[in-house]
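Colleague: The following comprises the amino acid sequence and a computationally predicted model.
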Amino acid sequence: LFAEDLWAAETWAPHAVTPATGSGSKRQAQENECVPEAAVVKSMAAQSNINGYASQRVTFQVSACPSSGWQYVDPSGKVQGPFNLDKMVLWNQHGFFYPALLMRCNPADKFVPFAELWPPGIPPFTIQVLRYSS
């Protein structure tokens, strides 16, 4: 896999535009594996208060990290994907994803910033993901 697979990666992630070496160990790859998608943990609702103004009610579901269906919105506003989990893990290891990048793991979900997709303490693309209803 190459950084060039990402739309204009040289523009928005120049530090990561190098061929993937695949030098990660087999154990590291196994640690990045997700549990089956069917293992949904729970649903929650949250209401945020931004700058003193109440925003709309946000509903999300804590779900197992899916192995496919990942999409993001590139800096020009175009939806890229869907991509499989292995590609997303690799791109994340190379620093392509920044906190404000809009992403989702299922076409039925709402795009949200990358930083909001993971429960506190859960590394990206491992065990769980927060899925937001559209």
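Modeller: Looks like it arrived, so ask away. Keep in mind that what you see is a predicted model, and the values were worked out from it rather than measured. Residues are numbered from 1 along each chain as shown.
Colleague: and the longest helix for this structure?
Modeller: helix 85-93 (DSSP state H).
Colleague: Can you mark which positions in that helix are buried?
Modeller: Residues of helix 85-93 classed as buried: 85, 87-93 (neighbour count, 16 or more other CB atoms under 10 Å). Where you see a C-beta, it was placed from the backbone N, CA and C, and this is true even at glycine.
Colleague: which intervals of this structure have sub-threshold pLDDT?
Modeller: 1-58 (pLDDT under 70).
Colleague: Do you have the helices of it handy? List them.
Modeller: 9-12, 26-31, 85-93.
Colleague: Now do the last one: which elements does it pack against?
Modeller: When contacts are defined as 3 or more CB pairs under 8 Å, 6 or more residues apart in numbering; DSSP states H and E, helix 85-93 sits against strand 70-73.
Colleague: residues in contact with the strand it packs on?
Modeller: 79-85, 87-88, 97, 101-105, 107, 111, 114 (CB atoms under 8 Å, 6 or more residues apart in numbering).
Colleague: Could you rerun that using 10 Å?
Modeller: 6-7, 78-85, 87-89, 91, 96-97, 101-107, 109, 111, 114, 117, 125, 129 (CB atoms under 10 Å, 6 or more residues apart in numbering).
Colleague: and that strand, which strands flank it?
Modeller: Strand 70-73 has the following strand partners under DSSP bridges: strand 79-83 (antiparallel), strand 102-104 (antiparallel).
Colleague: May I see the buried residues of the first one?
Modeller: Neighbour-count burial for strand 79-83, counted by 16+ other CB under 10 Å, picks out 81-83.
Colleague: Please tabulate the residues you listed in a markdown table, including the columns distance to residue 61.
Modeller: As requested, those are exported to a markdown table (distance: CB to CB, whole Å):
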| residue | distance to residue 61 |
| --- | --- |
| 81 | 20 |
| 82 | 19 |
| 83 | 21 |
